[in-house]
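> sequence first, then the predicted structure, then my questions.
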Amino acid sequence: MKVMLIMGNRPHFIKCAPLVKEISKEPDISLVLVHTGQHYDWEMSGTFLKEFGLTAVDYNCEVGSGTHGVQTGRMLEKLDPILLTEKPDVVLVPGDTNTTLAGALAAYKFHIPTGHIEAGMREYIWRPEEMNKLVADHCSDYLFCPIKRAADSLRAENIPDSRIYFTGDITYDMFLQSKEKVQAGSDGLDRLNLPPDFFLLTMHRAETVDHQNEVSEIVEALIEIDHSIVYPIHPRAKKFLMRFGLYSKLNRVRNIKLIDPVGYFDFINLLLKSKMVLTDSSGVLKEAFYALKPCVTLDYTTEYKEIFDLGYNILAGHKKDRILESVQEMSGKIFAPVVDNPFGDGTASKKIISILQQTNPKYPAT
Ligand code: UD1
Ligand code: UDP
């Protein structure tokens, strides 16, 4: 069986790594690795490919940045000839980004069996990612759900049960495998000269950083938090914070340490050492849960209601007072592992490969 994995951005590389590892153990599966080039800076792409051993990318479409339509259109144009040349038996796409949409749509149009990893997640609001994942799900023959509720959402959209699989969340596989490695290895963070007992911040979503009023309030809150904060800053956030004159403002605050984005293993190390996490990232808020760290989410909605219902995280939105109250509320909290983890048992990648082997998808006969 020939499997094509289509990836293109930071969270994708992290979600693909455990699958590539599983595939490498299976002599009956050959892998074609495609990078759309949505993320391209060393800190957003190269560093992950290197640390996960994904350097043997077969195709890089090098689409770069652009408006949604331009970026997605370029991907579709580049993916068509790759699909026609490689004739994969199945195409796999993770997540909810423009790369996810383009990968699933391109494969669907050629009637190639398609699998969506992280299927069925819905927020029922307007967001580019909401439509990306909805379309990817409806293009797919294999819907690999990270939590059980996702399967219910798919059934409510009339997707047949025969296509729906609960596998658990692939980021949990990656977290468990990496936690061991990070804890066993030497400390790569010495170079960062970290303050003790810091809070870890990530913030990059368009809904958060592209809007001056929203992000200004968050910055005001960060400045008032009486605690060291380490912020590996995503290039999108840096661009908008600079445009709004907020980057230099943050940089001048003694308790806030702005750093370049770090690789995954360093990030997990930062997370494990932190006292609390503040984030608008759906990936990072799950990792905070896996690491049993109190978390404050800088957003108004979430795909992962389970974590919030359990009390491990607070949806604080973008208003200063609410953020400060939420940080206060979460300070010093210590959490026990949950008995029935909604994200599964850390074997999503194994399950996905085994489902493919059992069902044996085929490139369509001409
Ligand atoms: C994308 C995803 C978002 C995901 C995030 C993960 C979509 C619609 N959005 O958002 O869901 O949470 O990735 O990080 O797919 N840039 C660089 N260097 C890079 C990449 C981007 O400087 O290597 C800058 C460019 O100015 C670019 C901007 O970041 O215009 C946004 O990049 P883009 O890939 O369009 O979206 P993200 O905000 O990264
Ligand atoms: N991450 C990383 N380095 C950083 C910040 C985040 O490796 O400096 C990882 C983090 O561990 C998580 C993923 O990036 O697995 C989340 O990606 P991002 O926040 O860009 O996107 P989202 O998950 O919100 O789509």
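The structure has been received and is ready for your questions. Numbering: from 1, shown residues only. Ligands and ions are numbered 1, 2, ... in the order given.
> drop to CA atoms for contacts and neighbour counts, all remaining ones
Fine.
> now the residue of the stretch 51-200 of the chain found nearest ligand 2. Nearest residue, chain neighbours left out?
Of all residues in the stretch 51-200 of the chain, Thr171 sits closest to ligand 2, at 7.0 Å by CA to the nearest ligand atom. Excluding the flanking residues, the one nearest Thr171 by CA to CA, 6 or more residues apart in numbering is Lys15, at 5.8 Å.
> tell me who's in contact with the one you found.
Contact analysis of Lys15 by CA atoms under 8 Å, 6 or more residues apart in numbering lists Pro94, Ile170, Thr171, Met174.
> give the contact list for the second one.
Yep, that's Ile170 we're talking about. Contacts of Ile170 (CA under 8 Å, 6+ apart): Lys15, Pro18, Ile117, Glu118, Pro146, Gly346, Thr347, Ala348, Ser349.
> what does the pLDDT read for it?
Ile170 carries a pLDDT value of 98.
> past whichever strand or helix holds Pro11, which element shows up next along the chain?
Using DSSP states H and E, Pro11 sits within helix 10-24. Heading C-terminal from helix 10-24, the first helix or strand you meet, by DSSP H and E, is strand 30-35.
> close to ligand 2, is the helix or strand just after that following strand?
Using DSSP H and E, the helix or strand that follows strand 30-35 in sequence is helix 47-51. No: applying CA under 6 Å from any ligand atom, one finds helix 47-51 separated from ligand 2 by no less than 7.6 Å.
> tell me which strands the helix or strand just after helix 47-51 pairs with, and in which orientation.
For helix 47-51, the following helix or strand on the C-terminal side (DSSP H and E) is strand 59-60. The pairing partners recorded for strand 59-60 under DSSP bridges are strand 30-35 (parallel).
> avg pLDDT for the strand it pairs with?
Computed over strand 30-35, the average pLDDT equals 98.
> try stretch 6-20
Per-residue scores along stretch 6-20 average to 98.
> I figured Lys333 hits Val296, correct?
No: Lys333 is beyond contact range of Val296, at 11.9 Å (criterion: CA atoms under 8 Å).
> with ligand 1 as the reference, measure out to Met193.
Check again: residue 193 is Asn, not Met. 25 Å (CA to the nearest ligand atom, to the nearest Å).
> name the helix or strand for Tyr231, please.
Using DSSP H and E, Tyr231 falls in strand 229-232.
> is that strand up against ligand 2 anywhere?
Yes: with CA under 6 Å from any ligand atom as the criterion, ligand 2 is reached by strand 229-232 at Pro232.
> remind me what that strand packs against, helices and strands.
For strand 229-232, the elements it packs on are strand 199-202, strand 256-259, judged by 3 or more CA pairs under 8 Å, 6 or more residues apart in numbering; DSSP states H and E.
> give the contact list for the residue of the stretch 51-200 of the chain closest to ligand 2.
Thr171 neighbours (CA under 8 Å, 6+ apart): Ile14, Lys15, Gly283, Glu287.
> count the neighbours of the residue nearest to the third one when sequence neighbours are not counted for me.
Pointing back at Gly283 there. Once flanking residues are discounted, Gly283 sits nearest to Pro11: 7.2 Å by CA to CA, 6+ apart. Neighbour count for Pro11, taken as other CA atoms under 10 Å: 22.
> skip the chain neighbours and tell me the closest residue to Gly95.
Nearest non-adjacent residue to Gly95 (CA to CA, 6+ apart): Glu118, at 5.6 Å.
> please apply the same query to Asn98.
Once flanking residues are discounted, Asn98 sits nearest to Thr72: 5.9 Å by CA to CA, 6+ apart.
> which strand or helix spans that neighbour?
Per DSSP H and E: helix 68-86 holds Thr72.
> thinking again about what came up before, what's the pLDDT at the residue nearest to Asn98?
So Thr72 comes in at 98 (pLDDT).
> near ligand 2, which residues of the stretch 251-366 of the chain?
Pro261, Val262, Gly263, Tyr264, Phe267, Ile268, Ser281, Ser282, Gly283, Val284.
> where in this protein is pLDDT low?
186 (pLDDT under 70).
> close to ligand 1: what parts of it are there?
9-11, 38-41, 44, 65-66, 97-98, 128-129, 205, 235-236.
> what does the host helix or strand of Val327 rub up against?
Following DSSP H and E, one finds Val327 within helix 320-330. Contacts to helix 320-330, defined as CA under 8 Å, 6+ apart, come from residues 217-218, 220-221, 224-225, 276, 294-296, 298, 313-314, 316-317.
> kindly recompute the last result at 6 Å.
Contacts of helix 320-330 with the rest of the structure, by CA atoms under 6 Å, 6 or more residues apart in numbering, involve Glu217, Ile218, Ala221, Pro294, Ala316.
> try stretch 131-142
Contacts for stretch 131-142 (CA under 6 Å, 6+ apart): Asp96, Leu101, Ala104, Tyr108, Pro113, Thr114, Gly115, Arg163.
> do that again at 7 Å, thanks
Residues from elsewhere that reach stretch 131-142, judged by CA atoms under 7 Å, 6 or more residues apart in numbering: 96-98, 100-101, 104-105, 108, 113-116, 119-120, 143, 163-164.
> next one: stretch 109-121
By CA under 7 Å, 6+ apart, stretch 109-121 touches 89-95, 104, 107-108, 136-137, 140-146, 150-151, 153-154, 169, 303, 361, 363-364.
> spit out the contact partners of Leu33.
Contacts of Leu33 (CA under 7 Å, 6+ apart): Met4, Leu5, Ile6, Val57, Asp58, Tyr59.
> that one and ligand 1, how far apart?
Leu33 is 19 Å from ligand 1, by CA to the nearest ligand atom.
> re the thing from before, neighbour count: Lys333 and Val296, which is higher?
Val296 (28 against 13).
> and the more buried one, what element?
strand 295-297.
> list the strands paired with that strand, with their directions.
For strand 295-297, the paired strands and their directions (DSSP bridges) are strand 276-279 (parallel), strand 313-315 (parallel).
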